[in-house]
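> Just need the structure, nothing else, for what follows:
(2 chains)
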Amino acid sequence: MSGERVTNDRELDTWREQWSSVAEPPAEFQRKVQERIKHQERRFVLGNLLTTIAFLGLLIFAVFMRHQSSWMGTDWTTGICVLVFVSTAYRVWVLRGTWRPQTQSTRAFVELWHKRAAARIRLLQVSIYVSLGWIIFCAALTAANWATIGQEVKAHPKVWVVLLVVCVLMQYPVIWYWAAWLRCRKLAELNEVTKIMNEMDGKGLR
Amino acid sequence: MNYVYSVTDRCAGLVTNVSEHRQALEKQFARILSEYGAAISRLAFTYEAVASVREELVQEIALAIWQALAHFRGDCSERTFVYRIAHNRGLTHVGRRRPPHQPLEELEESEQPVDPRPHLEEQVARTDERAQLMSAIQSLPVTHRQMIVLALEGLSHAEIAEVMGITENNVAVRLTRVRKALKDALGERP
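Numbers count the residues shown, from 1 in each chain, chains lettered A, B, ... in the order given. Coordinates of the predicted model:
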């Protein structure tokens, strides 16, 4: 038994010796890391700034539209506000508890990762339904206000055709294609995480 | 007026504290990088075979350590903290982008260890053994890789248990299994 242990330890020592000579950090490692930290911090500030600007811009636009007596006015503004509120609330609800792990162990990390990937997939599915709902809402609003809109369409047909092509025929397929691509990626990620979790539980190993 | 001065003083104090805290963190981070830089590079080898992507991974691990460092309250040793973050980042890399397995057929010129002995044959044999070990480790399942790497880095069973979130007994049982798997993998190699 002790002979076996000594052999094992010698074996481990040999592996350790080989292992410890494997790699040195890449050249200029520290400088590159510092650069990336600065870059990431700048991106973080810029991202938050842009989100705030977009949110404020949307609010100002909504208030501006509310004071307009044009065709869609209040209904459209209300629609946008409801859409933003519902999307944000649902996002927060779905992603609850997926920000930080209880402990930092690999096990806790992988469990959290699994939860995150599943939540993202659910979020994407709901986003598709919400975008479908938004199209229906816009169509209903257009139909209800057709008396006013019809006149504008007749007055500026080219503008309306361009608007239709940009908003419906191009934007939605692009968004849906992107959502489908992202969903595929997230599903693959979920499979990998499940595989890692199974490995941790000792399932499916040699 | 006094109130305004008091608020200004407090703000200035807060800014100084934040700046000092940041400087302390930067110092600690630089020390961690110089102390564990080689270990992080070795660890990246087990998760990525392509040199250019591996370099990216090493930087991402360092970045993850920097981000986590602000929340590190010393409730575990710095060593387990670094390995934990590094392995978690490595796992994310594998999960997000699992490339086809590429065994380590060649080690780059810059990564050759400096061997003071002049015997070329011995040096070649050592490089070959090392490449075989790396290739064998890469062929193991990720959790096996993590365990053997932690053992090779000299972590105790208790530390490995802490990093992986399993019991010490479980570590002992699994490590035996992993060593056997590694031996088998090494045996399969020409």
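> okay, CA-based contacts and neighbour counts for the rest of this
Will do.
> Tell me the predicted confidence for the residue most central in space within chain A.
Most central residue of chain A, judged by C-alpha distance to the mean C-alpha position with Cα atoms, centre = their mean, is A:Arg120 at 6.7 Å. A:Arg120 carries a pLDDT score of 88 in this model.
> Am I right that it is in contact with A:Leu187?
No: with contacts counted by Cα atoms under 8 Å, A:Arg120 stays clear of A:Leu187, the gap being 9.5 Å.
> Phi, psi for the residue nearest to the centre of chain A please.
Main-chain torsions, A:Arg120, degrees, to the nearest 10: phi -60, psi -40.
> right, and the helix or strand after the helix or strand of chain A with the lowest mean pLDDT?
Of all regular secondary-structure elements in chain A, judged by mean pLDDT, DSSP states H and E, the least confident is helix A:2-20 with a mean of 72. Helices and strands here follow DSSP states H and E; after helix A:2-20, the next one along the chain is helix A:29-67.
> tell me the mean pLDDT for that following helix?
84.
> for it, the distance to its chain's centre please.
Offset of helix A:29-67 from its chain centre (Cα atoms, centre = their mean, to the nearest Å): 16 Å.
> helices or strands up against it?
Packing partners of helix A:29-67 (3 or more Cα pairs under 8 Å, 6 or more residues apart in numbering or on different chains; DSSP states H and E): helix A:73-94, helix B:51-69.
> before we move on, which element is A:Leu187 in?
Secondary structure assignment for A:Leu187, by DSSP H and E: helix A:172-200.
> Contact residues of chain B facing chain A?
When proximity is defined by Cα under 8 Å from any Cα of the partner chain, chain B lies next to chain A at B:30, B:33, B:37-38, B:40-42, B:55, B:59, B:62-63, B:84-85, B:87-88, B:95-96, B:111-113, B:126, B:129-130, B:133-134, B:141-143, B:152-153, B:162-166.
> Narrow those residues to those that are buried.
Among the residues of chain B next to chain A, those scoring as buried are B:30, B:33, B:37-38, B:40-42, B:55, B:59, B:62-63, B:84-85, B:87-88, B:95, B:126, B:129-130, B:133-134, B:141-143, B:152-153, B:162-166 (criterion: 16 or more other Cα atoms under 10 Å in any protein chain shown).
> count of residues packed around the nearest residue to B:Pro141 once chain neighbours are set aside?
On the basis of Cα to Cα, 6 or more residues apart in numbering or on different chains, the spatially nearest residue to B:Pro141 that is not a chain neighbour turns out to be A:Glu199, at 7.4 Å. Burial of A:Glu199, expressed as a neighbour count using other Cα atoms under 10 Å in any protein chain shown, amounts to 17.
> Now do the same for A:Glu199: its pLDDT.
Reading off the per-residue confidence, A:Glu199 sits at a pLDDT of 82.
> Identify those among the residues of chain B next to chain A that sit within helices.
The helices, defined by DSSP state H, take in B:30, B:33, B:37-38, B:40-42, B:55, B:59, B:62-63, B:84-85, B:87-88, B:95-96, B:126, B:129-130, B:133-134, B:142-143, B:152, B:162-164 from the residues of chain B next to chain A.
> can you pull the contacts of the residue positioned nearest the centre of chain B?
Nearest to the centroid of the C-alpha atoms of chain B, with distances taken as Cα atoms, centre = their mean, sits B:Ile40, at 3.5 Å. B:Ile40 is in contact with A:Pro25, B:Val58, B:Ile61, B:Tyr83, B:Ala86, counting by Cα atoms under 8 Å, 6 or more residues apart in numbering or on different chains.
> Please apply the same query to B:Gly95.
Remark: with contacts taken as Cα under 8 Å, 6+ apart, B:Gly95 is in contact with A:Glu189, A:Glu192, A:Val193.
> Quick check: phi and psi at the residue lying closest to A:Asp75 once chain neighbours are set aside.
Using Cα to Cα, 6+ apart and skipping the chain neighbours, the partner closest in space to A:Asp75 is A:Leu141 (7.7 Å). Per-residue torsions, A:Leu141: phi -60, psi -40 (degrees, to the nearest 10).
> helix, strand or coil for A:Thr98?
For A:Thr98, the secondary-structure state derived from DSSP: H, G, I helix; E, B strand; the rest coil is coil.
> From chain B, how far off is the residue nearest to A:Asp75?
Applying Cα to the nearest Cα, to the nearest Å, one obtains 42 Å for the distance of A:Leu141 from chain B.
> returning to what we had before: please work out which of the helices and strands packed on helix A:29-67 is packed deepest.
Among the helices and strands packed on helix A:29-67, the stretch with the highest mean neighbour count (mean count of other Cα atoms under 10 Å in any protein chain shown) is helix B:51-69, at a mean of 19.
> for that one, packing partners?
Identification of packing neighbours for helix B:51-69 by 3+ Cα pairs under 8 Å, 6+ apart yields helix A:29-67, helix B:2-47, helix B:78-96.
> ok, back up a step: what's the most distant pair in the contacts of B:Ile40?
Of all pairs drawn from the contacts of B:Ile40, the greatest distance, 15.4 Å, lies between A:Pro25 and B:Tyr83 (Cα to Cα).
> neighbour count winner among those two?
Between A:Pro25 and B:Tyr83, counting by other Cα under 10 Å, B:Tyr83 is the more crowded of the two (27 against 20).
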